[in-house]
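Asks: Sequence first, predicted coordinates after that:
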Amino acid sequence: MTSDHILSVHDIDVNEGQIPREDWFESSATLHNLRKSKKFPTIWCSGCGIGVVMGSLIRAIESLGLQNDQVALVAGIGCTARMPVYMDYNTLHTTHGRALAFATGLKIARPDMKVIAIMGDGDALAIGGNHFIHAARRNIGITALVVNNSIYGMTGGQYSPTTPEGMRATTAPYGNVEPPFPVCDLAAAAGATYVARSTVYHPLELDKHLSEAISTEGFSLVEAVSYCHTTYGRINKLGSAADMMRGLKENSISKSAYDRLSPEAQESNTKIVRGVLHKKKRPEYTKIYDSLVQRKQEEELKLRNTGRH
Ligand SMILES: Cc1ncc(C[n+]2csc(CCOP(=O)(O)OP(=O)(O)O)c2C)c(N)n1
Ligand code: SF4
Ligand SMILES: [Mg+2]
């Protein structure tokens, strides 16, 4: 994404002198939350869906009226994991697969903060798979944002735990023989309290799911289904970024439409189901932990005061 591309997307005409170039990052709420011109252009290929998710995340945080310092974005390594580098919040760019491990430590130290772990499908579910299920099991108040492009984008298109069966990757030239992880089902089964999915063709849905997820007290997951036209798209002959974007429109169905299908049609559905897929109230980890520590401290104080310690 070049500077000029951002300007055109946001309908800012610098040529007509409306806004001096040095001020254009200040000219919209979304751009205002980017890390100024020194971090741009991004490393992303033109047309990649990751930028759409970044826009949604900023709008979701804005909609909740959070100050930038109340938010911490934590990421590992990957094209998706590069996102916090461009954003003007507290940010941690860590090691591959460890976003949730760092995010867990941060949330325990600063339970008042909104902690958001931004991960690719490989980051979250291959090398980081264990952290993922245990963060959900603990129900720690972190929002996991998984950008699922079905591939390891950054490293050149190796198959990932979400590559569909039969699809090709550089490490599966004859087609992938492994079944993919359904990340939303996995999170729900492991104990997450909010699970939702949409696609980069539907950014307004992503905005809504992200703001609901960030407001949730326990572990929340938003799966943002995206695409990688550069690796996965090319090797599977799926066309351009625009073709793959159109594919997300044609091959997805809202949860409400899915719910109206007959049981047989639901069983044979192959489309991506978009919507809130799971909600459950459970006590949040740092709250349980804090009240345990407080109880124990009060008990010790009582014992000390009665001279029995
Ligand atoms: C410990 C370790 N193992 C492997 C890598 C190489 N590596 C970097 S990113 C990546 C996969 C990225 O895929 P994904 O998480 O799906 O993100 P995407 O690039 O598709 O957004 C891998 C294997 C690494 N950096 N560190
Ligand atoms: S390699 Fe794929 S995932 Fe990475 S920026 Fe390019 S299109 Fe996006
Ligand atoms: Mg990926």
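Replies: Now that the structure is in, tell me what you want to look at. Ligands and ions are numbered 1, 2, ... in the order given.
Asks: how close does Lys107 get to Ile133?
Replies: 17 Å (CB to CB, to the nearest Å). (Glycine included, C-beta is placed from N, CA and C.)
Asks: Quick check: the gap between the residue nearest to Leu66 when sequence neighbours are not counted and Thr216.
Replies: Excluding the flanking residues, the one nearest Leu66 by CB to CB, 6 or more residues apart in numbering is Lys114, at 6.1 Å. For Lys114, the distance to Thr216 equals 10 Å [CB to CB].
Asks: With Leu125 instead?
Replies: Using CB to CB, Leu125 is found at 21 Å from Thr216.
Asks: for Arg82, same thing?
Replies: For Arg82, the distance to Thr216 - CB to CB - is 25 Å.
Asks: Check Pro283 too.
Replies: Per CB to CB, Pro283 is found 13 Å from Thr216.
Asks: higher neighbour count, the two?
Replies: The residue with more neighbours, out of Pro283 and Thr216, is Thr216; 22 against 11, by other CB atoms under 10 Å.
Asks: In this model Thr143 seems to touch the more buried one, though I could be wrong.
Replies: Yes - using CB atoms under 8 Å, Thr216 is in contact with Thr143, at 7.4 Å.
Asks: Name the residue in Lys107 and Ile133 with the higher neighbour count.
Replies: Remark: of Lys107 and Ile133, Lys107 carries more neighbours, 26 against 18, as counted by other CB under 10 Å.
Asks: Next one: the more buried one from ligand 1, what distance?
Replies: 21 Å (CB to the nearest ligand atom, to the nearest Å).
Asks: ok, and the closest non-adjacent residue to that residue?
Replies: Val115 (4.7 Å).
Asks: ok, and does the helix or strand hosting that neighbour reach over to ligand 2?
Replies: Secondary structure from DSSP states H and E places Val115 in strand 114-120. No - residues of strand 114-120 contacting ligand 2 under CB under 6 Å from any ligand atom: none, with a closest distance of 7.7 Å.
Asks: what helices or strands is the helix or strand just after that strand leaning on?
Replies: Downstream of strand 114-120, the first helix or strand assigned by DSSP H and E is helix 121-125. The helices and strands touching helix 121-125, judged by 3 or more CB pairs under 8 Å, 6 or more residues apart in numbering; DSSP states H and E, are helix 99-109, strand 142-148, strand 151-152, helix 183-190.
Asks: What are the contacting residues of the third one?
Replies: Right, strand 151-152. 78, 120-122, 157-160, 163, 169, 228, 231-232 (CB atoms under 8 Å, 6 or more residues apart in numbering).
Asks: rerun at 7 Å
Replies: 122, 157-160, 163, 169, 228, 231-232 (CB atoms under 7 Å, 6 or more residues apart in numbering).
Asks: Buried among those? Make that a PyMOL selection.
Replies: Those of those that count as buried under 16 or more other CB atoms under 10 Å are selected in PyMOL with:
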select buried, resi 122+157+158+159+160+163+169+228+231+232
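Asks: for the contacts of strand 151-152, which one is nearest ligand 2?
Replies: Cys228 (3.2 Å; CB to the nearest ligand atom).
Asks: quick revisit: dump the helices and strands packed on helix 121-125 into CSV; add mean pLDDT as well.
Replies: Shown next, in CSV, are the helices and strands packed on helix 121-125 (pLDDT from 0 to 100):
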stretch, mean pLDDT
helix 99-109, 98
strand 142-148, 98
strand 151-152, 98
helix 183-190, 98
